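Asks: generate coordinates for the sequence data below:
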Amino acid sequence: MPWCHPDYAESDSITWVKKAQESWRSGDEYGFALFDRAGRFAGGAGLNQFNRDHKLANLGYWVRQSRQGHGIAVSAVRCLARFGFETLRLTRIEIVAAVDNIASRRVAQKSGAEFECLARNRLIVGGVPVTAAIYSLIPPSSR
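Replies: Numbering: from 1, shown residues only. Next comes the predicted model:
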């Protein structure tokens, strides 16, 4: 992730928390910190890029390397989907992962998201356009 760099400081975290709080108030984005069962910080996840007219949003997640493979991201996706459908009344949630990001794609699949397509130049990674895999979740009542 571009924000994750060796010079990342506590002040960067404070700025992020303040921005996240404002985004919650405005309804522009809903970010969550993720913690493992022992209460250690494990990553983050959130709903963003809302299209209010079509009641859809993007769902993104990041889990620190030392906590990957423990089901944290899958649990976060399921919880966020429930929040999106039940609280925000969304009708579609998309997960967009770089085609080569096998770990993120696996999380989408394990979370119950349905693979829909590969979209060329859908993401910019390291300043370069890349193909992305698009997955979707819809409310249980729509299936």
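Asks: OK, contacts around residue 63?
Replies: 34, 42, 43, 72, 73 (CB atoms under 8 Å, 6 or more residues apart in numbering). Placement of C-beta: from N, CA and C, glycine included.
Asks: narrow those to those in strands?
Replies: Here DSSP state E is the test, and the contacts of residue 63 give 34, 42, 43 as lying in strands.
Asks: what count of nearby residues applies to the first one?
Replies: If you count neighbours by other CB atoms under 10 Å, residue 34 ends up with 20.
Asks: what separation is there between it and residue 117?
Replies: 28 Å (CB to CB, to the nearest Å).
Asks: repeat for residue 70
Replies: 29 Å.
Asks: on that earlier part again, show me which pair in the contacts of residue 63 is furthest apart.
Replies: Greatest spacing in the contacts of residue 63, by CB to CB: 42 and 73 (8.8 Å).
Asks: the more surrounded of those two?
Replies: Just comparing residue 42 and residue 73: by other CB under 10 Å the higher neighbour count belongs to residue 73, 25 against 22.
Asks: please save the CA atoms from the helix of greatest length in the chain in PDB.
Replies: The longest helix of the chain (DSSP state H) is helix 10-26. C-alpha atoms of helix 10-26 as PDB (Å, rounded to 0.1, in the frame of the first residue of the first chain):
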ATOM      1  CA  GLU A  10       2.400   8.200  14.900                       C
ATOM      2  CA  SER A  11       1.300  11.600  13.600                       C
ATOM      3  CA  ASP A  12       0.300   9.800  10.300                       C
ATOM      4  CA  SER A  13      -1.900   7.500  12.300                       C
ATOM      5  CA  ILE A  14      -3.500  10.400  14.200                       C
ATOM      6  CA  THR A  15      -4.200  12.200  10.900                       C
ATOM      7  CA  TRP A  16      -5.800   9.000   9.500                       C
ATOM      8  CA  VAL A  17      -8.000   8.600  12.600                       C
ATOM      9  CA  LYS A  18      -9.200  12.200  12.400                       C
ATOM     10  CA  LYS A  19      -9.900  11.800   8.600                       C
ATOM     11  CA  ALA A  20     -11.800   8.500   9.300                       C
ATOM     12  CA  GLN A  21     -13.900  10.200  12.000                       C
ATOM     13  CA  GLU A  22     -14.900  13.000   9.500                       C
ATOM     14  CA  SER A  23     -15.600  10.500   6.800                       C
ATOM     15  CA  TRP A  24     -18.000   8.600   9.100                       C
ATOM     16  CA  ARG A  25     -19.800  11.900  10.000                       C
ATOM     17  CA  SER A  26     -20.200  12.800   6.300                       C
END
